[in-house]
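Chemist: Sequence and computational prediction follow.
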Amino acid sequence: MQAQPDSPTPPEPTLPKGEMRRRALLDAALRVIAESGVEAVTHRRVAEAAGVSRGTTTYHFASRDEIVLEAFRHYIATVATKLPTTLDDLLRANEGALLDFLVRFQQREFLDPELILAEYELILYAARNETLGREYRAWESGLLGHLASALEVEGAPRPMRAARLVMGIYRAFELERLTHPETDPEELRSRLQVLLPSLLAPPAEEGRP
């Protein structure tokens, strides 16, 4: 199945000035995280990255932990804008749509690899911070649930197990592209084409080879 051209993204409604400033600060926080890790986040560092006074960050965010948590939530919202289609559209599509969806999503993500760096820095921090850990686990659970639903439509007899395996391949490929930028983006397609048939096949009966 050939990927269809992406539909143009509708313009975002005009936001109040305060919300625009807050989002700009969160964008700056994600840049700091991508460049130097979560530990580098401070009110002053984020203010410098955003080109505003330190007082602006303290006005919007009471603590460093709040900046990090809200930056993660902002990251999730930003990633959602990169989806090539909605889940409902994906579930109605024909066979092979899931493969195209994953490849196209990965290609869109790498238009801004800084965001992916920020995501992995946040994931590592979530392993040490219970509040962010809860947020991350809830987000990951939602991703796996959506992926499992799509795999079930395509015939996976064990959709959640299949979703975890597909996510593992996807994550590994992201890390490979981050460390080896020359990696062909279409390589993800070829790897998933090897994996998916085994996930969509009925499980072998016990006692049979």
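Modeler: Received it, and whenever you're ready, just let me know what you need. Numbers count the residues shown, from 1 in each chain.
Chemist: How is this protein divided into domains?
Modeler: 16-65, 82-200 (automatic domain parsing).
Chemist: Of all those, which one comes closest to Ala71?
Modeler: domain 16-65 (4.1 Å; Cβ to Cβ). Just so you know, the C-beta spots here come from the backbone N, C-alpha and C atoms, and that holds for glycine as well.
Chemist: Can you measure across that closest one, start residue to end residue?
Modeler: 25 Å (Cα to Cα, to the nearest Å).
Chemist: starting at the chain centroid, how far to it?
Modeler: Remark: domain 16-65 is offset 21 Å from the chain centroid, using Cα atoms, centre = their mean, to the nearest Å.
Chemist: So for it, mean pLDDT?
Modeler: Summarised as a single mean, pLDDT over domain 16-65 is 94.
Chemist: just to revisit the earlier point, please identify the deepest-packed of the domains of the chain.
Modeler: Counting by mean count of other Cβ atoms under 10 Å, domain 16-65 has the highest mean neighbour count of these, with a mean of 17.
Chemist: From Glu176, how far off is Val38?
Modeler: 23 Å (Cβ to Cβ, to the nearest Å).
Chemist: Equivalent analysis for Gly37, please.
Modeler: 21 Å.
Chemist: Just the element for His74, please.
Modeler: For His74, the element it lies in under DSSP states H and E is helix 64-80.
Chemist: how about that helix: buried residues?
Modeler: By neighbour count on 16 or more other Cβ atoms under 10 Å, the buried set for helix 64-80 is 64, 67-72, 74-76, 78-79.
Chemist: Run through the neighbouring helices and strands of it.
Modeler: Packing partners of helix 64-80 (3 or more Cβ pairs under 8 Å, 6 or more residues apart in numbering; DSSP states H and E): helix 17-36, helix 43-50, helix 113-126, helix 130-153.
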